[in-house]
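In: kindly return the folded structure for what I paste below:
(one chain, ligands or ions: 3)
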Amino acid sequence: MSTKRVSLTQYLVEQQRLHGHIPGQLRLLIEVVARACKRIAISVNKGALGDVLGTAGTENVQGEVQKKLDVIANEVLIEANEWGGHLAAMASEEMDGIYVVPNRFPQGEYMLLFDPLDGSSNIDVNVSIGTIFSVLKKPEGHAGVSEEDFLQPGHQQAAAGYCVYGPQTTLVLTVGDGVAMFTLDREQGSWVLTQDGVRIPPDTKEFAINMSNMRHWAPPVRRYIDECLAGKEGPRGKDFNMRWVASMVADVHRILTRGGIFMYPWDQREPDKPGKLRLLYEANPMSFLVEQAGGAATNGHQRILDVKPSKLHERVSVVLGSKNEVERVTAYHLEAGGR
Ligand SMILES: O=P(O)(O)OC[C@H]1O[C@](O)(COP(=O)(O)O)[C@@H](O)[C@@H]1O
Ligand SMILES: [Mg+2]
Ligand SMILES: [Mg+2]
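Out: Numbering: from 1, shown residues only. Ligands and ions are numbered 1, 2, ... in the order given. Next up is the predicted model:
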């Protein structure tokens with residue numbers, strides 16, 4: 001496919017018609033999500049002019065202080081999608097339970113999960129933030145929809161993606177046939193395909209981790225980072241670079257663009273929590289994208305996409321990116337046993 005002015009709609013129609021990858025309902029659902037992201041991008045760009053910075057004065061179910069944009073982005077996604085007619089229910093980082101689409105709206109067979117605003121700590125300092133989403137099919141065989149229906153392993157996702165609000169606004173998408181990137185053309189108001197068949201190189205010299213947590217890490221993570229830090233003279237025989245944006249969307253976008261490894265591992269500050277990031281609407285969609293681009297994603301012990309969730313806001317340890325590095329970190333965990 002030529003990358004010359006192919007719109008998101010054209011790309012999706014092609015996926016639907018020529019390759020038979022996606023049903024019509026899913027195509028339209030993705031278009032609604034993309035439209036919502038455009039609206040969120042407008043609010044993000046307004047910043048102080050739109051009175052969207054700062055805290056909302058409320059907390060979400062996970063005890064995190066909500067920023068105004070967390071709340072705005074959540075509302076935009078719900079409002080856009082409940083009219084779409086393709087959904088049975090939605091779930092979000094910012095909502096305690098699931099949101100069943102009321103029956104005054106048209107009903108559909110999909111379920112949408114999202115982190116409406118990822119990288120909240122970067123909103124007020126004008127650093128890249130994003131929206132992450134995951135699409136599941138509602139299980140057949142029963143009427144209605146419950147929280148239980150959302151607890152599917154990530155390999156069952158029908159589609160996943162994110163939108164990064166940075167120097168450019170970019171939508172990154174997979175429907176299970178590779179990864180495509182679309183850049184928002186603000187003058188035209190349209191998403192233009194700017195990269196198809198995204199590939200993550202298997203090797204890298206760049207890692208992303210919050211180093212301030214080093215003293216709390218488990219030994220396998222410590223071992224991996226120590227070896228990277230030892231550089232040319234160490235066991236890896238090469239110098240490594242480090243990047244940490246602290247917006248998962250931006251860190252994963254860099255990895256999809258030029259490779260690297262991203263880790264938010266379990267640590268001993270809260271030993272009962274498997275990690276900081278959420279499985280269903282952060283780790284799963286990102287893992288689907290990374291695998292579709294030839295990378296790997298594990299929780300240190302197993303493929304993230306094979307983890308069977310037990311609750312909606314479940315957390316997970318995350319190691320993702322360049323395949324050979326992710327396999328190395330996973331091997332260190334398996335050798336060490338335990339965490
Ligand atoms: O501030 P820390 O500990 O480095 O954590 C950064 C991580 O937290 C997150 O911001 C969590 O996402 P939310 O902003 O959606 O809560 C990730 O995007 C990022 O990777
Ligand atoms: Mg997040
Ligand atoms: Mg968030």
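In: find the closest residue to ligand 3 in the stretch 151-300 of the chain.
Out: Glu282 (8.0 Å; C-beta to the ion). Just so you know, the C-beta spots here come from the backbone N, C-alpha and C atoms, and that holds for glycine as well.
In: Three-state assignment for Glu94, please.
Out: The three-state assignment at Glu94 reads coil, by DSSP: H, G, I helix; E, B strand; the rest coil.
In: how about the contacts made by the residue lying closest to it once chain neighbours are set aside?
Out: The shortest distance from Glu94 to any non-neighbouring residue, by C-beta to C-beta, 6 or more residues apart in numbering, is to Asn74 (4.3 Å). If you count contacts by C-beta atoms under 8 Å, 6 or more residues apart in numbering, Asn74 has them with 92, 94-95, 114, 116-117.
In: residues touching the residue nearest to Gln168 when sequence neighbours are not counted, list them.
Out: Counting by C-beta to C-beta, 6+ apart, Gln168 lies nearest to Thr183, which is 5.4 Å off, once chain neighbours are set aside. If you count contacts by C-beta under 8 Å, 6+ apart, Thr183 has them with 168-170, 191-192, 194.
In: residue ranges for the helices of the stretch 151-300 of the chain, please.
Out: For the stretch 151-300 of the chain, helices defined by DSSP state H, counting those that start in this stretch occupy the ranges 219-229, 248-258, 284-292.
In: okay if I get the ones you listed as a markdown table plus mean pLDDT and mean neighbour count?
Out: What follows is those, written out as a markdown table (pLDDT from 0 to 100; neighbours: other C-beta atoms under 10 Å):
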| stretch | mean pLDDT | mean neighbour count |
| --- | --- | --- |
| helix 219-229 | 98 | 19 |
| helix 248-258 | 98 | 23 |
| helix 284-292 | 98 | 27 |
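In: could those go into a markdown table alongside distance to Gln107?
Out: Putting those into a markdown table (distance: least, C-beta to C-beta, whole Å) gives the following:
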| stretch | distance to Gln107 |
| --- | --- |
| helix 219-229 | 45 |
| helix 248-258 | 30 |
| helix 284-292 | 23 |
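In: quick one: which of the contacts of Thr183 sit in strands?
Out: Among those, the members falling in strands (DSSP state E) are 169-170, 191-192, 194.
In: most neighbours among the residues you listed, please name it.
Out: Highest neighbour count within the ones in strands among the contacts of Thr183: Trp191, with 26 neighbours (other C-beta atoms under 10 Å).
In: my guess is that one contacts Leu173. True?
Out: No - the pair Trp191 / Leu173 is not scored as a contact, 9.4 Å apart, by C-beta atoms under 8 Å.
In: between those two, what contacts are shared?
Out: 8, 182.
In: and Gly166, how many residues sit next to it?
Out: 17.
In: gap between it and Thr131?
Out: 12 Å (C-beta to C-beta, to the nearest Å).
In: repeat that for Gly141.
Out: Applying C-beta to C-beta, the value for Gly141 to Thr131 is 32 Å.
In: still on that earlier bit, please, which helix or strand holds the residue nearest to Glu94?
Out: helix 68-82 (DSSP states H and E).
In: check whether that helix contacts ligand 1.
Out: No - for helix 68-82, no contact with ligand 1 is found by C-beta under 6 Å from any ligand atom; the gap never falls below 7.5 Å.
In: using CSV, list the CA coordinates for that helix.
Out: Presented in CSV, the C-alpha positions along helix 68-82 are these (Å, rounded to 0.1, in the frame of the first residue of the first chain):
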residue,chain,number,x,y,z
LYS,A,68,-8.8,17.9,34.9
LEU,A,69,-7.7,16.3,31.6
ASP,A,70,-8.1,12.8,33.0
VAL,A,71,-11.8,13.6,33.6
ILE,A,72,-12.3,15.5,30.3
ALA,A,73,-10.7,12.7,28.2
ASN,A,74,-12.8,10.1,30.0
GLU,A,75,-16.0,12.0,29.3
VAL,A,76,-15.1,12.6,25.6
LEU,A,77,-14.4,8.9,25.1
ILE,A,78,-17.7,7.8,26.7
GLU,A,79,-19.8,10.4,25.0
ALA,A,80,-18.4,9.7,21.6
ASN,A,81,-18.7,5.9,21.9
GLU,A,82,-22.1,5.5,23.6
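In: ok, and for it, which residues are buried?
Out: Going by neighbour count (16 or more other C-beta atoms under 10 Å), the buried part of helix 68-82 is 68-74, 76-78, 80-82.
In: and the pLDDT at the closest residue to Arg27 other than its chain neighbours?
Out: In this structure, Arg27 finds its nearest non-sequential neighbour in Leu12, 4.5 Å apart by C-beta to C-beta, 6+ apart. The per-residue pLDDT reported for Leu12 equals 95.
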